[in-house]
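Asker: sequence unavailable; structure follows:
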């Protein structure tokens with residue numbers, strides 16, 4: 001048994017439910033994703049046995065080394081920076097890619113998905129703090145990128161993802177919520193603006209306040225990375 005994971009999940013679920021009770025509708029669904037970067041598959045599987053149904057992968061190579069050992073009850077999302085030449089390795093293994101931020105990557109996802117007769121669901125990563133050190137499209141280029149990706153036959157936009165600047169989570173989450181709601185109201189073709197993926201170990205409860213329905217938690221579940 002891994003009591004650290006059990007106790008952490010109890011606390012996280014309590015905090016998510018408390019945030020929902022204060023700020024959200026009672027029937028809103030918020031998924032807790034276990035981010036598996038550097039975590040041995042045995043501990044990941046323990047989290048699945050404790051009720052986690054969604055895993056987030058950051059690195060293609062690490063995922064390929066662990067995927068065959070994962071509990072098959074868990075759904076896999078790719079959340080890390082993805083290079084175009086690595087798409088082929090994950091296209092038939094993950095159900096959602098969170099980190100699409102340019103048309104070149106989206107086009108390669110489209111090409112690889114077509115090969116297997118599949119439509120890949122993606123989120124557009126928004127660099128809401130306009131930080132040069134981070135991936136993501138700037139918000140003023142978002143509409144153009146969404147339009148370009150929406151023209152691809154084998155890619156479907158399901159929502160947005162962001163990582164806020166350190167110390168500016170609330171401001172960033174508020175702005176993302178406004179952007180997400182505005183896009184959702186437009187009802188564009190080949191776009192289901194259903195998912196807002198934001199919030200990590202340090203700020204997930206705040207993200208729930210501002211509409212996140214996937215929170216991505218690594219150290220909060222598994223402890224500090226070694």
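Answerer: Ah, there it is. Worth saying up front: this structure is predicted, and the values here are computed from it rather than measured.

Asker: hang on, residue 169 packs against residue 207?
Answerer: Yes - under the criterion of C-beta atoms under 8 Å, residue 169 makes contact with residue 207 at 7.4 Å. For glycine as for every other residue, the C-beta is placed from the backbone atoms N, C-alpha and C.

Asker: which of these two has more neighbours?
Answerer: With neighbours defined as other C-beta atoms under 10 Å, residue 169 and residue 207 compare such that residue 207 has more, 29 against 22.

Asker: tell me which element the residue lying closest to the more buried one once chain neighbours are set aside is part of?
Answerer: Sequence neighbours aside, residue 199 is the residue nearest to residue 207 in space, at 2.5 Å (criterion: C-beta to C-beta, 6 or more residues apart in numbering). Per DSSP states H and E: residue 199 is located in neither a helix nor a strand.

Asker: quick one, phi psi at residue 199?
Answerer: In terms of degrees, to the nearest 10, the main-chain angles of residue 199 are phi 110, psi 130.

Asker: check contacts around it.
Answerer: 173, 205, 206, 207, 208, 212, 215, 216 (C-beta atoms under 8 Å, 6 or more residues apart in numbering).

Asker: now the residues you listed in JSON lines, with distance to residue 155, pLDDT and secondary structure?
Answerer: As requested, the contacts of residue 199 are arranged in JSON lines below (distance: C-beta to C-beta, whole Å; pLDDT from 0 to 100; DSSP: H, G, I helix; E, B strand; the rest coil):
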{"residue": "173", "distance to residue 155": "26", "pLDDT": "98", "secondary structure": "helix"}
{"residue": "205", "distance to residue 155": "32", "pLDDT": "97", "secondary structure": "helix"}
{"residue": "206", "distance to residue 155": "30", "pLDDT": "97", "secondary structure": "helix"}
{"residue": "207", "distance to residue 155": "25", "pLDDT": "98", "secondary structure": "helix"}
{"residue": "208", "distance to residue 155": "28", "pLDDT": "98", "secondary structure": "helix"}
{"residue": "212", "distance to residue 155": "23", "pLDDT": "98", "secondary structure": "coil"}
{"residue": "215", "distance to residue 155": "24", "pLDDT": "98", "secondary structure": "strand"}
{"residue": "216", "distance to residue 155": "21", "pLDDT": "98", "secondary structure": "strand"}
